[in-house]
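Trainee: Got a sequence here, can you model it:
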Amino acid sequence: MRRIVVVGASAAGLSAAETLRREGFDGTLTLIGEEPHPPYDRPPLSKQVLAGAWPPERTALRGGADLAALGLDLRLGTAATGLDTAARTVALADGGSAEYDGLVIATGVRPRRLPACGTDGVHVLRGLDDALALRDRFAAGRRLVVVGAGFLGCEVASSARALGLAVTLVEPAPIPLAHAVGELVGAHLARLHRDRGVDLRLGTKVTGIEAGAAGTRGVHLSDGTVVAADDVLVAIGAQPNTEWLAGSGLDTADGVVCDQFSAAASGVYAAGDVARWYHPLFRTSLRVEHRTNAAEQGMAAARNLLRPERPTPFAPVPYFWSDQYGVKVQAYGHLRGHDEARVVAGDPADGGFLVAYRTAGLLTGVLAVAMPPRELRRWRAAVAAGTPWRALSEEAPTVGG
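Mentor: Coordinates of the predicted model:
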């Protein structure tokens, strides 16, 4: 194997490239990125960058010298437009191509949009340029409507309130984030936002956005009300960047479908937000849109690409975190689709607590709000061990999922 191509100059793509060099690959290593920026960190965009606490250059994952040391054929500002797995060639938007013996797909996801997205004052937030454009609009007294109370929407609401903006958070579900972390945690986070002055509109949808030459004027909701706004952030989820793989023969049902080794086809692996792989611990296919998973899977995919004859299953305990109003939310495991959730430490009434999640008789996840990290790490080990739910203390109260 003398030519490896990594498509996606992301955290996952950079992790794969660094691992390939660290593991001894000394052939041609091409890293392709659609954005003009060198690889950068995305989690700070909705927090430190948006709040003005970080300059954009601080998000860079590696300095110029570190990137140069990798000896990359670095092609930034160039999107991949097609894949021919028989010819082992990646087609590029500039008319060129990249031939490979091995391929890592790390193209991530992009925001889902509403029809008004792209008009003046209506924003999405995925890339560095998105964050800088939104930050330029933030000023005390301005009115922001956030559509979607997922983690991204909640983090932006937190950053905006800290800067003195009036924030309305619109969510069609009756409890924010309940599908991901359960009703107890979702209700607690809803109270957190209301206590900080956010106008939380739950159980209602956006039916239209008025946008004029000077920016957004109002957001129409399904309950008949209109919310005045200077800016709107649409944060209604993301979809995998797989369109360029049409006709490649790869399965792209909600991401690049992989086996437990992150392999999508012979010599083709995927990593990060775009990868859907079979997780042997949780016995299901997962696609995880979190920073830590991207870096870990980039490393795993690179190692298995180099040694396909003795691959290692990629079976991490996924980790994610969120910061809202100075309150840290951290979680390990697979929480979605759980059957039961139980408070096992602390008390929501006091602000700090820890919730364990059951799926099909096993402890599959744990989430902590404002709790010491050591407490959470102890439960992480129990998730990794596939601990039966019955082994938990019977004294811990059960709460609604």
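
Trainee: for the helix or strand that contains Ala368, what is the average pLDDT?
Mentor: Assigning secondary structure by DSSP states H and E places Ala368 in strand 362-369. Throughout strand 362-369, pLDDT has a mean value of 96.

Trainee: list the helices and strands that strand packs on?
Mentor: Packing partners of strand 362-369 (3 or more C-beta pairs under 8 Å, 6 or more residues apart in numbering; DSSP states H and E): helix 183-195, strand 327-333, strand 352-359, helix 373-384. Glycine gets a C-beta too; all of them are placed from N, C-alpha and C.

Trainee: what stretches of the stretch 201-350 of the chain score poorly on pLDDT?
Mentor: 212-216 (pLDDT under 70).

Trainee: Just the CA atoms of the strand holding Ala368, as PDB, please.
Mentor: Taking Å, rounded to 0.1, in the frame of the first residue of the first chain, the C-alpha atoms of strand 362-369 are listed here in PDB:
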ATOM      1  CA  LEU A 362     -27.900  -3.800  30.500                       C
ATOM      2  CA  LEU A 363     -26.400  -0.600  31.800                       C
ATOM      3  CA  THR A 364     -25.700   1.200  28.500                       C
ATOM      4  CA  GLY A 365     -25.100   4.800  29.600                       C
ATOM      5  CA  VAL A 366     -24.600   7.300  32.300                       C
ATOM      6  CA  LEU A 367     -25.000  11.100  32.300                       C
ATOM      7  CA  ALA A 368     -23.900  13.600  34.900                       C
ATOM      8  CA  VAL A 369     -25.000  17.200  35.400                       C
END
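
Trainee: contacts for it?
Mentor: Here strand 362-369 makes contact (C-beta atoms under 8 Å, 6 or more residues apart in numbering) with 181, 185, 188, 282, 327-335, 338, 344, 346, 348, 351-359, 375-376, 379-380, 382-383, 386-389, 391-392.

Trainee: In this structure, where's the longest helix?
Mentor: helix 291-306 (DSSP state H).

Trainee: now the angle from that helix to strand 327-333?
Mentor: On the basis of axes from the mean of the first three to the mean of the last three C-alpha atoms, to 10 degrees, helix 291-306 is oriented at 30 degrees to strand 327-333.

Trainee: from the middle of its chain, how far away would helix 291-306 be?
Mentor: Taking the mean of its C-alpha atoms, helix 291-306 sits 16 Å from the chain's own mean (C-alpha atoms, centre = their mean, to the nearest Å).

Trainee: any idea of the mean pLDDT for stretch 386-399?
Mentor: 70.

Trainee: follow-up on the earlier one: just checking, what packs against the longest helix of the chain?
Mentor: Checking 3+ C-beta pairs under 8 Å, 6+ apart, helix 291-306 ends up next to helix 11-22, strand 102-105, strand 268-270, strand 275-279, strand 319-324.

Trainee: Any chance of a markdown table for the ones you listed, columns mean neighbour count and distance to Ala368?
Mentor: As requested, the helices and strands packed on helix 291-306 are exported to a markdown table (neighbours: other C-beta atoms under 10 Å; distance: least, C-beta to C-beta, whole Å):
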| stretch | mean neighbour count | distance to Ala368 |
| --- | --- | --- |
| helix 11-22 | 24 | 23 |
| strand 102-105 | 29 | 33 |
| strand 268-270 | 31 | 30 |
| strand 275-279 | 23 | 22 |
| strand 319-324 | 19 | 10 |
